[in-house]
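Asks: show me how the following folds:
(one chain, ligands or ions: 1)
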Amino acid sequence: MTAGTPPVIHIRSLTKSYGGHQALFGVDMEVRAGEVFGFLGPNGAGKSTTIRILLDLIRRSGGEVNVLGRDPRADGVEVRRQVGYLPGEMAMSSRRPARELLTYLGNLRGGVDRRRIDELAGRLDLDLSRPVRGLSKGNKQKVGLVQAFMHEPRLLILDEPTSGLDPLLQQEFLAMVREVRGDGRTVFMSSHVLSEVQDAADRAAIIRAGRIVALEDMDALRERTSRRITITFADRVAPEEFASAGGVRDLSVEGDTLRCTVDGSPDALVKAAARHTVLSLDSEEPDLEELFFTHYANGAHAERTGRHAAA
Ligand SMILES: Nc1ncnc2c1ncn2[C@@H]1O[C@H](COP(=O)(O)OP(=O)(O)OP(=O)(O)O)[C@@H](O)[C@H]1O
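Replies: Residues are numbered from 1 along each chain as shown. Next up is the predicted model:
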């Protein structure tokens, strides 16, 4: 975002209570024009609640919200018209074929070229001739993605977009997200799995129990990410060869199998391993909770959140 460009999404001190149950406790966040922003958090953290408030599908209890220069509470119709939105759960009960439903939704948005719908469906391997009602969860998700992307909105708000997609299609989806960014448009996407957004996002916020606990550049988050790595070699290896590789800790070697934790890039370990014949390499990503406890425990998160929120 260049200096002076207003944020595409601006959220200040956002609170939400469902009756007596408070779901959001003063959320602050800004999404800049042209970035891919990951909104991460475990189930029940408040991601869908925040997203629904952005689109005025539910009403906030307090705080300020601005989307594309408008307050959704005052201008909900206009915000929804300008945003490509994928809901977390989609009720699709239509008997119409997917193509008809998508054409209908496209017409509501001023008309979408049929070729654009075909192209997106082709990329996601979606059969447009089948009735929406009988589609599997994964195929319904694809219909949802096509309708969010097809009219080339300035801002896409995607709630758990990769859920139900197999790994190959997840990659295709991420390519579509990068293309949106390439056009200078903005993507705000939620997930409960870090690895689903880390390759595409420029920045990410982590929400936990209704509060933002971290907000920062993905590069910085990646640098601090630890992985548990297991490598099986064709022959026995000596631990000394690997002990001094950058970022390696908790190293153990039993015969031909090495186990360790790597902080940050595994590059040095991989290069050391490449001197031998590697039969298999498994890398276990930390889940969000682990990341949270490793890096944001002991009050460090407050400092980081404050620093970035003020930036
Ligand atoms: N309509 C509702 N009525 C009452 N409580 C709700 C309602 N919707 C959400 N909640 C509660 O608000 C909190 C936040 O839920 P939300 O759905 O926003 O979380 P989430 O991060 O999107 O998680 P998930 O991925 O599981 O949907 C949870 O404690 C949830 O139980």
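
Asks: buried ones in stretch 51-61, by neighbour count?
Replies: Residues of stretch 51-61 classed as buried: 51-56, 60 (neighbour count, 16 or more other CB atoms under 10 Å). C-beta here means a position set from N, CA and C on the backbone, and glycine is covered the same way.

Asks: any chance of those in JSON lines, plus pLDDT and secondary structure?
Replies: Converted to JSON lines, the buried residues of stretch 51-61 look like this (pLDDT from 0 to 100; DSSP: H, G, I helix; E, B strand; the rest coil):
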{"residue": "Ile51", "pLDDT": "97", "secondary structure": "helix"}
{"residue": "Arg52", "pLDDT": "97", "secondary structure": "helix"}
{"residue": "Ile53", "pLDDT": "97", "secondary structure": "helix"}
{"residue": "Leu54", "pLDDT": "97", "secondary structure": "helix"}
{"residue": "Leu55", "pLDDT": "96", "secondary structure": "coil"}
{"residue": "Asp56", "pLDDT": "96", "secondary structure": "coil"}
{"residue": "Arg60", "pLDDT": "96", "secondary structure": "coil"}
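
Asks: nearest to Ala205 among those?
Replies: Set against Ala205, the nearest of those by CB to CB is Ile51 (12.4 Å).

Asks: who's in contact with the closest one?
Replies: Applying CB atoms under 8 Å, 6 or more residues apart in numbering, we find Ile51 in contact with 39, 88, 157, 159, 188, 190.

Asks: go again with 10 Å.
Replies: By CB atoms under 10 Å, 6 or more residues apart in numbering, Ile51 lies in contact with 39, 57-58, 85-88, 157-160, 188-190.

Asks: what about it, distance to Val79?
Replies: With distances taken as CB to CB, to the nearest Å, Ile51 is found 12 Å from Val79.

Asks: and for the two, which residues touch both?
Replies: Common contacts of Ile51 and Val79 (CB under 10 Å, 6+ apart): 85, 157.

Asks: interface residues of the stretch 151-300 of the chain facing the ligand?
Replies: Residues of the stretch 151-300 of the chain lying close to the ligand (CB under 6 Å from any ligand atom) are His192.

Asks: hey, where'd the strands end up in the stretch 151-300 of the chain?
Replies: Assigned by DSSP state E, counting those that start in this stretch, the stretch 151-300 of the chain shows strands spanning 155-158, 186-191, 203-208, 211-217, 226-233, 248-254, 257-263, 278-284.

Asks: can I assume Leu128 sits in a helix?
Replies: No - counting by DSSP: H, G, I helix; E, B strand; the rest coil, Leu128 is not found in a helix; it is coil.

Asks: shaky segments in the stretch 151-300 of the chain?
Replies: Judged by pLDDT under 70, the stretch 151-300 of the chain has its weakly predicted residues at 286-300.

Asks: for the ligand, give me its nearest residue in it.
Replies: When scored by CB to the nearest ligand atom, the stretch 151-300 of the chain has His192 as its residue closest to the ligand, at 5.8 Å.

Asks: follow-up on the earlier one: of the contacts of Ile51, just the buried ones, PyMOL syntax please.
Replies: Buried residues among the contacts of Ile51 (16+ other CB under 10 Å), as a PyMOL selection:
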select buried, resi 39+85+86+87+157+158+159+160+188+189+190
